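**Q** For reference, the sequence and a predicted model appear below.
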Amino acid sequence: MSYRRCGNSGLLLPEISLGLWHNFGHVDEFENGKQMLQTAFDNGITHFDLANNYGPPPGSAEENFGKILKQSFLPYRDELIISTKAGYLMWPGPYGEWGSKKYLVASLDQSLKRMGLDYVDIFYSHRPDPNTPLEETMSALDLIVRQGKALYVGVSSYNAEDTKKASKILKELGTPCLIHQPRYNMMDRWVENGLMDVLENEGIGCIPFSPLEQGILTDKYLQGIPENSRAAKSSGFLQSDQVTSKKIKQAHKLNDVAQNRNQSLAQMAIAWLLKDERVTSVLVGVSSEKQLINNLAALDNKLFMDSELEVIDAILNNKD
């Protein structure tokens, strides 16, 4: 495993980090989750990423992670980076979501109890709140660090303008923004329209989520929607109508490029993100140990020829 410096900080993150968004809830097989975490750590993945509402049900990924931490990882706590977030709906009533100080502080207290931790390494504002002053949300992050409940703070899914404002507020408070977690992959490149430049100028790290477009940038959907796939489930964030014929056609062509590089499509998609030095780490989600090992092999070939990048862009820009 190689590690990259996170923005202008002293923190190094592995080039691949493991996210617990899916497959670690109470609806999932506990031993499978435990095996994936152990395999990740054995292969140099030191960063595990959670959020208060991961599951399902919400909170259960943190509970299961806490159990696995106690069983397998307690002696290695100081070798781990553990992150969590708050911003989406977690409990009923007016104080259970968004970006108020009330919600963020209470949510992290609950997260620490579920995981059995004294502190997390990184705590995120999971999404911008249009109705709460940015100063309040950022001052909550600053407070959490001063309380010793998090070492670093970050934001997720903030646009370029709000990220710049948030960074300025946090710098003035004395708790700089460490990292931004945006959705970013070959098929979703909104961050290239200003956000990546802001992160570079502000000295903020970048850890993309959904690097595989929730499985579309793998070989899983090349022949349609398999029964056991994420898109086949009635719950979840990838629905079958999102697996469009256009995306499948693009995935087929991208898969040809990947094969010429002696990579799987998933491996190429991860390597494609890491070609940008401003990307600190790529956050992968996996459903099996085998899938994780496959993703890790992306690190064997991170170099792209200009001609390859031109072909990839041509495929993605094709309007057919």
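**A** Received it, and whenever you're ready, just let me know what you need. Just so we're clear, the structure is a prediction, and the values are computed from it rather than from any experiment.

**Q** T137 contacts Y103, correct?
**A** No: in this structure T137 lies outside contact range of Y103 using C-beta atoms under 8 Å: 9.5 Å. C-betas here are computed from N, CA, C, even on glycine.

**Q** for the stretch 101-250 of the chain, what spans make up the helices?
**A** Counting by DSSP state H, counting those that start in this stretch, the segments of the stretch 101-250 of the chain that form helices are 101-115, 134-146, 160-173, 195-202, 245-260.

**Q** The ones you listed: which one's closest to I216?
**A** Minimum separation from I216 across the helices of the stretch 101-250 of the chain (C-beta to C-beta) falls at helix 245-260, 5.3 Å.

**Q** Output the helices of the stretch 101-250 of the chain as JSON lines; include the columns mean pLDDT, mean neighbour count and distance to M305.
**A** Formatted as JSON lines, these follow (pLDDT from 0 to 100; neighbours: other C-beta atoms under 10 Å; distance: least, C-beta to C-beta, whole Å):
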{"stretch": "helix 101-115", "mean pLDDT": "98", "mean neighbour count": "20", "distance to M305": "44"}
{"stretch": "helix 134-146", "mean pLDDT": "98", "mean neighbour count": "19", "distance to M305": "41"}
{"stretch": "helix 160-173", "mean pLDDT": "98", "mean neighbour count": "18", "distance to M305": "30"}
{"stretch": "helix 195-202", "mean pLDDT": "98", "mean neighbour count": "18", "distance to M305": "22"}
{"stretch": "helix 245-260", "mean pLDDT": "92", "mean neighbour count": "16", "distance to M305": "10"}
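
**Q** For the ones you listed, please prepare a markdown table with the additional fields distance to Y184.
**A** Output for the helices of the stretch 101-250 of the chain, formatted as a markdown table (distance: least, C-beta to C-beta, whole Å):
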| stretch | distance to Y184 |
| --- | --- |
| helix 101-115 | 24 |
| helix 134-146 | 22 |
| helix 160-173 | 13 |
| helix 195-202 | 9 |
| helix 245-260 | 16 |
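
**Q** pLDDT weak spots in the stretch 151-300 of the chain?
**A** By pLDDT under 70, the weakly predicted segments of the stretch 151-300 of the chain are 224-243.

**Q** all strands of it, in order?
**A** Along the stretch 151-300 of the chain, counting by DSSP state E, counting those that start in this stretch, strands occupy 177-181, 205-206, 282-284.

**Q** Compare those and give me the one nearest K220.
**A** Closest among these, using C-beta to C-beta: strand 282-284, at 14.0 Å.

**Q** So which elements touch the closest one?
**A** The contact analysis (3 or more C-beta pairs under 8 Å, 6 or more residues apart in numbering; DSSP states H and E) places strand 282-284 against strand 16-19, helix 265-274.

**Q** what would these look like in JSON lines with distance to I68 and mean neighbour count?
**A** Listed next are those as JSON lines, based on distance: least, C-beta to C-beta, whole Å; neighbours: other C-beta atoms under 10 Å:
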{"stretch": "strand 16-19", "distance to I68": "12", "mean neighbour count": "24"}
{"stretch": "helix 265-274", "distance to I68": "24", "mean neighbour count": "24"}
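
**Q** and of these, who's closest to Y95?
**A** Of all the helices and strands packed on strand 282-284, strand 16-19 sits nearest to Y95, with 26.3 Å by C-beta to C-beta.

**Q** With just CA atoms, put that closest one into CSV.
**A** Listed next in CSV are the C-alpha coordinates belonging to strand 16-19 (Å, rounded to 0.1, in the frame of the first residue of the first chain):
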residue,chain,number,x,y,z
ILE,A,16,-7.6,3.0,-1.1
SER,A,17,-9.9,3.4,1.9
LEU,A,18,-12.8,1.1,2.9
GLY,A,19,-16.3,2.6,3.2
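
**Q** Quick one: list the elements packing against it.
**A** Counting contacts by 3+ C-beta pairs under 8 Å, 6+ apart, strand 16-19 packs against helix 30-42, strand 47-49, strand 282-284, helix 289-296.

**Q** Report the rounded mean pLDDT for the second one.
**A** This means strand 47-49. The average pLDDT within strand 47-49 is 98.

**Q** Relative to that strand, what are the paired strands and their orientations?
**A** Paired strands of strand 47-49, with direction, are strand 16-19 (parallel), strand 81-86 (parallel) (DSSP bridges).

**Q** do the same with the third one
**A** With DSSP bridges as the test, strand 282-284 is paired with strand 16-19 (parallel).

**Q** As JSON lines, the strands of the stretch 151-300 of the chain with mean neighbour count and distance to S156 would be great.
**A** Shown next, in JSON lines, are these (neighbours: other C-beta atoms under 10 Å; distance: least, C-beta to C-beta, whole Å):
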{"stretch": "strand 177-181", "mean neighbour count": "27", "distance to S156": "4"}
{"stretch": "strand 205-206", "mean neighbour count": "25", "distance to S156": "11"}
{"stretch": "strand 282-284", "mean neighbour count": "25", "distance to S156": "10"}
